[in-house]
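>>> when you get a sec, could you give me coordinates for this:
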Amino acid sequence: MLEPINVSLESLNLITLAPMLIAIAGGLIILTIDLINKKLDKTLYVMLTLLILFINFGAVLGLNVNERGFFDVMLIDGISIVSQLMIIGGSMIFIPLALTSKRFHEFAYPEFFALFLFMIAGFQFMAASDNLILIFVGLETASLALYTLIALHNRANSYEAAVKYFTMGAMAAGFFAMGSAVLYALTGSIELYKIAEIMATRMSETGLMIAIFGSSILLLVAFGFKLSLFPFHTWAPDVYEGASAPLAGYMSVVPKVAAFVVSIRIFGMYIDLGLEWVRWTILILAVITMTLANVMALVQDDVKRMLAYSSISHAGFIMAALALDTTEGNTAIFLYYALFMFTNLGAFAMLWISRHKVRRFHKRYDHPFEKFAGLIQIMPMGAVIMAIFMLSLAGVPPFSVFWGKIYVMQAAVNAGYIWLAVIMGLNSAVAAYYYLKLVVYMFLKDPVKSVDIVYYNISKPLMVIIGFATVATVTAILYIQPLVSYLYYMISASGY
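Sure, this is the predicted structure:
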């Protein structure tokens, strides 16, 4: 007769689950309130979502580093805490944009905010576990919610974007499941640290090496889709174009933070086992991604699509740092996204100022370059702020993204990859052209159809968020050193 297994609450360490449970409970509370009273104003849901995010943020800050919980499937290390803080912080910047205007009807649905919180919980599960099943559950929870959020924009190209994203996400999920199944078949475990221990003792077996190679390719394809790496990047511009501008900005940062955390854990494991082909495959993909995306961005006629290709290029830039597999390289990933978050969210939010339901300037695009011609004459402050965001994305000092790029290139040089730093520098120079192209349109060209231009979405919440993003972009030099020190300490504590 089998002995009963006694599990104490103390041994489960349920505090490690608290942040995710807060987000899930918040989503359920919003749905319950809506069931009781359907006539409540969206302002209540915005403030309630913000309150839940603040509580979630505090719960993450209260976690201890290097703990496990809930049958050891939860992993709370430095990377887990830093990434969760970034995910919640980016979400807190995004969600007040729901107060900007009544014209954007998706924010009128309480389901939007519930799905948003469920999505955050999914990202947090991805970041706070090294269990392949829990990572998969978090990935799918977040992805399914995000597909719906895109479709809620309720335009023809929004439905198209949601279907494309769903299709790509389904393929990524399939490759991830197959790659995980191979690892489980090889080792009998789904915990990454146990998989690494078992594989380290069997590296001399020829058949095993072939299977490990297959699993690495399957997982690399899965995260190639999620991180929009070449050649799995083609969905990104269409999806960003179909989503609302701020949601596109949000998608370019927050989901990728969660995906990069999982990538650090999985591909770091492969590289630590001495599998140099994984490192070189990632490096080659990163270089091709940043270069090709820059070339594609050069020929775009739409600012939103240009920013989409720009985000792909930045993802390639960061993927190169991941391949270094050093503490400095991993620190560079989080520093880059912490700085990039404000700038990119601000740039996409600026597109919302000039949004029109009727395409007045181009039959195909919502935000062609001509729409911003002569913006300095129509809206001087808006032109200056957008120029700051463009200069920052181009890597012009002293703006925020410059420091991120410098730190990534420094990590590459210190790891012995001087050629990689040179390629990064050349790509930054190419990228400067298409960022400055928008600046030229805003400052040096005359307005097109100036009589028809109506900048109606200049609400206080939008101005506050854009103002906050601008200040964070401009004053990066003041907080960069303490931020680097904190990130380096947390990632060193994780053993990465």
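>>> helices or strands up against the one helix or strand residue 182 maps to?
In this assignment (DSSP states H and E), residue 182 forms part of helix 156-187. Packing partners of helix 156-187 (3 or more Cβ pairs under 8 Å, 6 or more residues apart in numbering; DSSP states H and E): helix 132-151, helix 192-200, helix 206-226, helix 235-242. Yep, even glycine has a C-beta here, placed from its N, CA and C like the rest.
>>> now the angle between helix 235-242 and that helix, please.
On the basis of axes from the mean of the first three to the mean of the last three Cα atoms, to 10 degrees, helix 156-187 is oriented at 140 degrees to helix 235-242.
>>> list the buried ones in helix 156-187?
Residues 158, 160-162, 164-166, 168-169, 172-173, 175-177, 179-180, 182-183, 186-187 are the ones in helix 156-187 that count as buried (16 or more other Cβ atoms under 10 Å).
>>> circling back to that earlier point, tell me which of the helices and strands packed on helix 156-187 sits most buried.
For those, average neighbour numbers computed from mean count of other Cβ atoms under 10 Å are highest in helix 235-242, which has a mean of 23.
>>> for it, packing partners?
helix 156-187, helix 245-251, helix 303-324.
>>> do that again at 7 Å, thanks
helix 156-187, helix 303-324 (3 or more Cβ pairs under 7 Å, 6 or more residues apart in numbering; DSSP states H and E).
>>> for that helix, what is the distance to the chain centroid?
In terms of Cα atoms, centre = their mean, to the nearest Å, the gap separating the centre of helix 235-242 from the centre of its chain is 15 Å.
>>> now the helices and strands packed on helix 156-187 in TSV, with distance to residue 315 and mean pLDDT?
Listed next are those as TSV, based on distance: least, Cβ to Cβ, whole Å; pLDDT from 0 to 100:
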stretch	distance to residue 315	mean pLDDT
helix 132-151	17	86
helix 192-200	22	81
helix 206-226	10	82
helix 235-242	9	79
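>>> and those as TSV, adding distance to residue 292?
Below are the helices and strands packed on helix 156-187 laid out as TSV (distance: least, Cβ to Cβ, whole Å):
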stretch	distance to residue 292
helix 132-151	24
helix 192-200	31
helix 206-226	13
helix 235-242	12
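>>> and those helices: which comes nearest residue 348?
helix 235-242 (8.4 Å; Cβ to Cβ).
>>> so what touches the closest one?
150, 157-158, 160-161, 164-165, 168, 228, 248, 251, 304-305, 308-309, 312 (Cβ atoms under 7 Å, 6 or more residues apart in numbering).
>>> go again with 8 Å.
For helix 235-242, contacts defined as Cβ atoms under 8 Å, 6 or more residues apart in numbering pick out 150, 153, 155, 157-162, 164-165, 167-168, 225, 228, 248, 251-252, 296, 302, 304-305, 307-309, 311-312, 365-366.
>>> now swap in stretch 477-492 and tell me
Outside stretch 477-492, the residues touching it (Cβ under 8 Å, 6+ apart) are 65, 78-79, 81-82, 327-328, 330-331, 334-335, 338-339, 398, 403, 407.
>>> next up, the contacts around residue 166.
residue 147.
>>> err, residue 213, not the other one
Per Cβ under 8 Å, 6+ apart, neighbours of residue 213: residue 277.
>>> same deal with residue 320?
282, 283, 286, 287, 290, 408, 412, 420, 424.
>>> same question for the helix or strand hosting the fifth one, mean pLDDT?
Per DSSP H and E, residue 290 falls inside helix 276-298. Along helix 276-298, the predicted local confidence has a mean pLDDT of 87.
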